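>>> give me a model of this one.
(chains A and B)
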Amino acid sequence: MPSELDRTYHFIITSWAERGDPPHFTDIARAFGVSPDAGRRRLHDLMAVGLPNWLFPGTDLIASFAPFHALPSSYRITVDGRTGWYAQCGFESISASFAFPGRTIAIETTCLDCGEPLRIAVREGQIESEDPRGIVGYVDVPTREWRANLPYT
Amino acid sequence: MNLFRSGDHARRWSGYTPATDAGIVTLAQLASIMGTPRHRDRYTGQYVSSFPGYGAPFFDNLKRVTANDPFWDPTPR
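The predicted model follows:
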């Protein structure tokens, strides 16, 4: 039986996948037939769980909710020709493909060293193509420090 | 966590630090790391309550993919 946290999480991540942007807490309230204050409480309760999701500091606005990011990051995602999604980071851009079952997503980014465009096609976690070949990922935060450095990681 | 045209490009980047060279992974490794239920099951409807069970498979796979490199070891020192 899904918990309230499960249902709130599911609403946020599925509506973001459908719409291309994060819901406001009043959207959460409307979805569950509760007051705006109760919607805000549900959002904060979920964010307190400690998953790789966070609010803009000092606000009730979702900044990032893995794999998605509310601000334009350098990881633009296109699905069936439609843009609007940004990934939380380069690694999460790959996992964003699971938000769109049965479809291929295009990840467009730029090499931070040379400024050349990079393009990756992914379908449910499987790399279909990369241009140019030989793309790598790099993280300079050791795994044991990820939790303490989520926005930077 | 960023993407680069190649390992050489990652190493030339102004933000690269040699002590973290093990943090460079191929796209195939990356797809494996990000392909466990911890990432795949976010849309199942019971993700939060299931989350405690995702850690072990994720970290086991992470260790396997990165050949047990200490950089990728989640154990606090």
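>>> any idea how far the most centrally placed residue in chain A is from chain B?
Closest to where the C-alpha atoms of chain A average out (CA atoms, centre = their mean) is A:F68, at 1.4 Å. From A:F68 across to chain B, the span is 10 Å (CB to the nearest CB, to the nearest Å). C-betas here are computed from N, CA, C, even on glycine.
>>> okay, now the nearest residue to that residue once chain neighbours are set aside: neighbour count?
Nearest non-adjacent residue to A:F68, counting by CB to CB, 6 or more residues apart in numbering or on different chains: A:W16, 5.1 Å away. For A:W16, the neighbour count with other CB atoms under 10 Å in any protein chain shown is 19.
>>> A:H69 reaches A:S93, doesn't it?
No. Between A:H69 and A:S93 there is no contact under CB atoms under 8 Å: 9.6 Å.
>>> ok so, going back, my guess is the residue nearest to the centre of chain A contacts A:F98. True?
No. If you go by CB under 8 Å, A:F68 and A:F98 don't touch, sitting 11.8 Å apart.
>>> for chain A, what spans make up the strands?
A:53-55, A:62-65, A:68-69, A:76-79, A:82-86, A:104-110, A:117-123, A:126-131, A:136-138 (DSSP state E).
>>> ugh, wrong one, chain B
Assigned strands in chain B, in chain order: B:2-4, B:24-26 (criterion: DSSP E).
>>> by contact count, what packs against the last one?
The helices and strands touching strand B:24-26, judged by 3 or more CB pairs under 8 Å, 6 or more residues apart in numbering or on different chains; DSSP states H and E, are strand A:136-138, helix B:7-12.
>>> need these in JSON lines (columns: distance to B:Y47, mean neighbour count and mean pLDDT).
Output for the helices and strands packed on strand B:24-26, formatted as JSON lines (distance: least, CB to CB, whole Å; neighbours: other CB atoms under 10 Å in any protein chain shown; pLDDT from 0 to 100):
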{"stretch": "strand A:136-138", "distance to B:Y47": "24", "mean neighbour count": "24", "mean pLDDT": "98"}
{"stretch": "helix B:7-12", "distance to B:Y47": "32", "mean neighbour count": "18", "mean pLDDT": "98"}
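>>> can you list these in TSV and add distance to A:A31?
What follows is the helices and strands packed on strand B:24-26, written out as TSV (distance: least, CB to CB, whole Å):
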stretch	distance to A:A31
strand A:136-138	35
helix B:7-12	42
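>>> nothing else from me, thank you.
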